[in-house]
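>>> Here is a sequence together with a model predicted from it:
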Amino acid sequence: MPLTQFLVLAAVLFAVGVYGVLARRNGVLVLMGVELMLNAVTLNLVAFSAQLDAVAGQVFALFVITIAAAEVGVGLAIVLLLYRNLRTPDLDAVDQLKG
């Protein structure tokens, strides 16, 4: 398959992820947007790795997957603590936790 198809798919995934991060106020949906952006990066790494017959892109893709898993763990913990303290997953309410 041509490289351009993978790049277009990754660009669409990244754009949807950016929209999810910027337009949503729910903490879980923001985390899903970040995951979509990381998946787009992983797709680019694997596509270029396959195109160039190099293993380095696939190794970096494994690192991105590991970072994404750690981000989900920490992010969900933060969202759960926010919900436990304020009874809302709304990220605009985070400023009430000051002081």
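Happy to help now that I have it.
>>> Determine the number of other residues adjacent to residue 83.
Using other CB atoms under 10 Å, residue 83 is surrounded by 15 other residues. Bear in mind the C-beta positions are built from the backbone N, C-alpha and C, glycine included.
>>> and if you look at the one 3 residues further on?
For residue 86, the tally of surrounding residues (other CB under 10 Å) stands at 13.
>>> buried stuff in the helix or strand hosting residue 66?
Using DSSP states H and E, residue 66 maps to helix 56-86. Buried residues in helix 56-86, counted by 16 or more other CB atoms under 10 Å: 57, 60-61, 64, 68, 75, 79, 82.
>>> ok, so of those, who is nearest residue 26?
Nearest to residue 26 among those is residue 79, at 8.7 Å by CB to CB.
>>> who are the neighbours in contact with that closest one?
27-28, 31, 89 (CB atoms under 8 Å, 6 or more residues apart in numbering).
>>> among those, which two are most distant?
Going by CB to CB, the pair spanning the contacts of residue 79 furthest: 31 and 89, at 10.3 Å.
>>> More neighbours: these two, which one.
Comparing residue 31 with residue 89 by other CB under 10 Å, the one with more neighbours is residue 31, at 20 against 16.
>>> hang on, the earlier thing: helices - which of the contacts of residue 79 land there?
27-28, 31 (DSSP state H).
>>> Reformat those residues as TSV; add pLDDT and distance to residue 41.
Formatted as TSV, the ones in helices among the contacts of residue 79 follow (pLDDT from 0 to 100; distance: CB to CB, whole Å):
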residue	pLDDT	distance to residue 41
27	88	22
28	89	21
31	92	16
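>>> and which of those is nearest residue 98?
For the ones in helices among the contacts of residue 79, the closest approach to residue 98 (CB to CB) belongs to residue 27, at 17.2 Å.
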